[in-house]
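Trainee: quick one: sequence and predicted model below, then my questions.
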Amino acid sequence: MAPKKKNKSPKKDETKRAQADKLKEQGNKSLQNENYQKAIELYTEAIELDDQCYAYFHNRSLAYFLIEKYQFALQDAIKCKELNPDYPLGYLREASAYLELDKHEECIKSAKQGLEVEKDNQQLIDIIKKAEDEQKQNFILPQDDPELVNHNTMINWLLDGKSEFENLKLQWYCKNYRGVHARRKVYNKETILFIPKSHLITLEMAKETPVAKKIIAAKLNLLSPKHSFLSTFLLQERKNKESKWRPYLDILPSDYNQFPIFFSEDDLSWLKGSPFQNQVREKKADIKRDYDDICSVAPEFAENTFEDFCWARMTASSRVFGLQINEQKTDAFVPLADMLNHRRPKQTSWQYDDQREGFVIQALEDIPRGEQVYDSYGRKCNSRFFLNYGFINLDNDANEVALRLTFDPEDTTIERKKEMMGGDVPEFKVYRILENYQEQNVSEFMSYLRFILIRDNSKLLMLQSLHEQQTENNENLQGYKPQKTPPISIQNETDMWAHISNMCQNSISQYSTTLKEDKEMLAKDNLTQNQRNCVLLRSGEKEILHFYIEMAEKMQKLLKMNRREITKLSLQQEYIKYNVYINKVIIGTLLQGQN
Ligand SMILES: C[S@@+](CC[C@H](N)C(=O)[O-])C[C@H]1O[C@@H](n2cnc3c(N)ncnc32)[C@H](O)[C@@H]1O
């Protein structure tokens, strides 16, 4: 049977076109009013009446783009281009959708075609530049680089295991150094990553290795048991070519040369004078002790060199998450989640979701497309970041410097002090002080020092009775806590500042460079990364020491004045930062009652 002829009445067509145009106008108004869904409906109705008008497809493509339906935006842009190849904005819509879909080649190709139609269209020129820039960032490594190949294998392994992270992508900054970026705009509260339990390496799994079982059976007292168990697991699986975990193992950093425990003596010498130099040696010695202990109960573990064990331990210290799975605390390696770099304040939060049975990360703010997505590793001193993560955080308000307090053996009140403290005084006590003197650590340090410096038995008696009053109702009356000593007298407080100043000056004199010299070195920028990090670490410590030397000088000066003079001086700019101490301790306590 012959097909029926269509009734082609020109008049009917014209009416339809007029109706369609009207709908388009209404659609444009909705678009202007940011009612994109309505605009899409109106353009769709227009298209149903007349599917040969490029403008309807162009406008609907734009509306789809604005609600982030990029695949639909692309389809309409392609149709617009087909209907009118001379319309440059059709190419712009197509290129924009391709860019959002991370199809950089295609984006550049369609924008270039658009430029053939209108050669100086600035939007087309801009989008080519943006796509090229992103391409450069994405492909810092050649396509066949093993790191990239391994990365793709891991991504497929995770996706096959039903992981979800469609809005995230990995980006390289240089070899072995990667970060996670938003593939598309991420919204506050959006769950951006899900890794099922099947793809987590937990502490419980690590405790099942033959070596771990021997450690447990021998009741070994390891210094870092959790990280050691996880390390034995990593090393066991690394040797197994058929390991289920191969895709994850293959993307782990191949070395940790920027971690201080791997530093040469030459690199370590850049830490001369810093208490951190010892911390590094102690950390390495602790890891060696764990390694030797493990080898002693599981001799086969010695197949792994100490270097191998250090590699595994640093992998654990820099990548493990402390989780709670079904109310049980554990530690785990979480592939891909461990690719997020650190930044404070918190931009994302993570947890194990018992219902979904997997690890999830949620955004805590909107993150624009292309931006790096961070995890906060917490508020930590740079010495901890350096030791356990191999980097230094600039502008870190949590930096500390270690100061050691000891009782004076010549102190005639020492016996009473011992008695008060419940028998004995510790040989020494190390406090890690921060530049902010209001931090609890610092006030405990000052209080401890006040107690050490008392030379007057009557003051000790007063503290003892205060302590007894405070602990009156406490049945397990414990010894006196020097770190709770309140400000006692002008003399004691003056002594405390003099002592702080001496200790800080003594610490400063241990370094082979001054703070000024460090700053000049950093400005020159001719240091290796490890040298630079050492200089940043030691200069951070010196800043704190200088802060307290200056504070000590000013507070000793104030402690010689009367209340009126102090109040006047404290209003000066250079004293403002000490006002909390001045008002609370000097005026509020030591000079209480004075006019
Ligand atoms: C959990 S991993 C993050 C992924 C890592 N960048 C990678 O490529 O494997 C932690 C390591 O990332 C690096 N890192 C994380 N945050 C950093 C930051 N803010 N600055 C410098 N390096 C950082 C450090 O090397 C750290 O040991």
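Mentor: Great, that's in hand.

Trainee: am I right that residue 302 sits in a helix?
Mentor: Yes: counting by DSSP: H, G, I helix; E, B strand; the rest coil, residue 302 is part of a helix.

Trainee: okay, now it: neighbour count?
Mentor: When counting by other Cβ atoms under 10 Å, one arrives at 14 neighbours for residue 302. Glycine gets a C-beta too; all of them are placed from N, C-alpha and C.

Trainee: please identify the helix or strand for the residue of the stretch 101-250 of the chain found nearest the ligand.
Mentor: For the stretch 101-250 of the chain, the residue closest to the ligand is residue 178, as judged by Cβ to the nearest ligand atom, at 3.6 Å. Applying DSSP states H and E as the criterion places residue 178 in strand 177-182.

Trainee: can you pull the buried residues of that strand?
Mentor: 178, 180, 181, 182 (16 or more other Cβ atoms under 10 Å).

Trainee: ok so, going back, who does the residue of the stretch 101-250 of the chain closest to the ligand form a beta bridge with?
Mentor: Assessed by DSSP bridges, residue 178 has beta-bridge partners residue 172.

Trainee: next up, the contacts around it.
Mentor: Contacts here follow Cβ atoms under 8 Å, 6 or more residues apart in numbering; on that basis residue 178 touches 170, 171, 172, 339.

Trainee: try 10 Å this time
Mentor: Contacts for residue 178 were tallied using Cβ atoms under 10 Å, 6 or more residues apart in numbering; they are 140, 141, 147, 151, 170, 171, 172, 251, 253, 339, 340, 341.

Trainee: could you do residue 454 as well?
Mentor: So, once contact is read as Cβ under 10 Å, 6+ apart, residue 454 ends up touching 411, 413, 416-417, 460, 462-463, 482, 485, 488-489, 491-492, 495.

Trainee: what do you get for residue 321?
Mentor: With contacts taken as Cβ under 10 Å, 6+ apart, residue 321 has the following neighbours: 200, 202, 330-334, 337-338, 350-352, 359, 375.

Trainee: quick one: which of those residues is nearest residue 262?
Mentor: Out of the contacts of residue 321, the one with the shortest distance to residue 262 is residue 338. That distance is 19.5 Å, counting by Cβ to Cβ.

Trainee: wait, isn't the closest one in contact with residue 315?
Mentor: Yes: assessed by Cβ atoms under 10 Å, residue 338 is found in contact with residue 315 at 9.2 Å.

Trainee: please enumerate the strands of this protein.
Mentor: Remark: strands of the chain, listed N- to C-terminal, are 168-174, 177-182, 191-196, 201-202, 320-325, 328-333, 341-342, 348-353, 358-363, 372-375, 400-405, 429-434; assignment by DSSP state E.

Trainee: ranked by average pLDDT, which of those falls at the bottom?
Mentor: Of all these, strand 168-174 carries the lowest average pLDDT, namely a mean of 88.

Trainee: that strand vs the ligand: in contact?
Mentor: No: for strand 168-174 and the ligand, the contact criterion (Cβ under 6 Å from any ligand atom) is not met; the two come no nearer than 8.1 Å.

Trainee: for that strand, which helices and strands make contact with it?
Mentor: Of the remaining helices and strands, those touching strand 168-174 by 3 or more Cβ pairs under 10 Å, 6 or more residues apart in numbering; DSSP states H and E are helix 122-138, helix 146-160, strand 177-182, strand 372-375.

Trainee: contact partners of that strand?
Mentor: The contact list for strand 168-174, computed with Cβ under 10 Å, 6+ apart, reads 102, 134, 137-141, 145, 147-148, 151-152, 154-155, 178-184, 186, 192-193, 251, 336-337, 339-341, 361, 367, 370, 372-373.

Trainee: please point out which parts of that strand sit buried.
Mentor: The neighbour-count criterion (16+ other Cβ under 10 Å) identifies 168, 169, 170, 171, 172 as the buried residues of strand 168-174.

Trainee: leaving out the residues flanking it, which one is nearest to the most centrally placed residue in the chain?
Mentor: With distances taken as Cα atoms, centre = their mean, the residue of the chain nearest its centroid is residue 342 (1.8 Å). Taking Cβ to Cβ, 6 or more residues apart in numbering, and ignoring the residues beside it in sequence, residue 342 has residue 377 as its nearest neighbour in space, at 4.2 Å.
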